[in-house]
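Colleague: Below is the sequence, then the predicted model.
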Amino acid sequence: MLHCLRSAADQVHSFMCFPQADFLYSAFEKEGVYTVKSGYKAICKEENLVEASVSNSAATRNLWSGIWKLKCPGKIKHFLWRACTNCLPTKANLLKRKVVTDSFCHMCGRCEETTMHALWSCEAIKLVWCNDFSWVNQFEAAQGDFLDLVDRLMSRPHMLELFAAIAWHIWLHRNKTKLGVHTVPLGMIRDAACKFLQIFKQSHDYPSSRNRHNRDDDKDGCLQNRVSIK
Ligand SMILES: [Zn+2]
């Protein structure tokens, strides 16, 4: 399934947005401007086999369906989708497009800033994840990419909601610090994400997360670091 998802993600990545331009960039047009025609051509080119096309579409639908069901703001779902499909303007992606001259992580300055690194594996943000996601096997996570990680979390939607909210705040922190704008310190991002979700769920009259955690997570042995949404 991951293979299909990744293929679909690669396809979506062909239409990634440039951060410095307000238009869709298509790798399949000489001028780089997306049109319905170029989109159709790209899909036909990428999907020569009907069977592959169907399976990729199904995988894409499953991924989006899983994200869409999350009880969190639409902008966070959209962010998670972009991260899963490698459409965030990380420095690794920008270097491929020759927008920047290096791909070093803005936070640690040592590693290539891929989506996985920027949102999960960078040493500078480890403290943000340690409270609630220590149960994710770090070794296994290090072997895969961001899509692998989200795929693992799909089995626990309530944790994926918190994961997505934290990742969104990390990305916001990264962007604001690059611009020299005041932002939530890394040490407070986890609580800010919890509060963000809490306010959203209260305003949408969703069931208490605490009650759901008590019901669902006992069997997972994850209670010691539960989300403190009341
Ligand atoms: Zn880093």
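Modeller: Nice, thanks for sending it over. Numbers count the residues shown, from 1 in each chain.
Colleague: quick check: domain ranges of the protein?
Modeller: 1-68, 71-230 (automatic domain parsing).
Colleague: among these, which gets the worst mean confidence?
Modeller: Of all those, domain 1-68 carries the lowest average pLDDT, namely a mean of 55.
Colleague: these two touch, right, residue 88 and residue 170?
Modeller: No. Here residue 88 does not reach residue 170: they are 11.3 Å apart, not a contact under CB atoms under 8 Å. Where you see a C-beta, it was placed from the backbone N, CA and C, and this is true even at glycine.
Colleague: Quick check: neighbours shared by the two?
Modeller: Contact criterion CB atoms under 8 Å, 6 or more residues apart in numbering; residues shared by residue 88 and residue 170: residue 118.
Colleague: what about the longest helix in the protein?
Modeller: Counting by DSSP state H, the longest helix found in the chain is helix 157-179.
Colleague: mind listing what's buried in the next helix or strand after that helix?
Modeller: Using DSSP states H and E, the helix or strand that follows helix 157-179 in sequence is helix 186-203. Across helix 186-203, burial judged by 16 or more other CB atoms under 10 Å covers 186, 189, 190, 192, 193, 194, 196, 197, 198, 200, 201.
Colleague: Ramachandran angles for residue 68?
Modeller: phi -60, psi -30 (degrees, to the nearest 10).
Colleague: near the ion, which residues of this structure?
Modeller: Residues of the chain lying near the ion by CB under 5 Å from the ion: 105, 107, 108, 111, 122.
Colleague: Dump these into JSON lines; add neighbour count and secondary structure as well.
Modeller: JSON lines is the format used below for the residues of the chain next to the ion (neighbours: other CB atoms under 10 Å; DSSP: H, G, I helix; E, B strand; the rest coil):
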{"residue": "105", "neighbour count": "22", "secondary structure": "coil"}
{"residue": "107", "neighbour count": "20", "secondary structure": "coil"}
{"residue": "108", "neighbour count": "14", "secondary structure": "coil"}
{"residue": "111", "neighbour count": "16", "secondary structure": "coil"}
{"residue": "122", "neighbour count": "21", "secondary structure": "coil"}
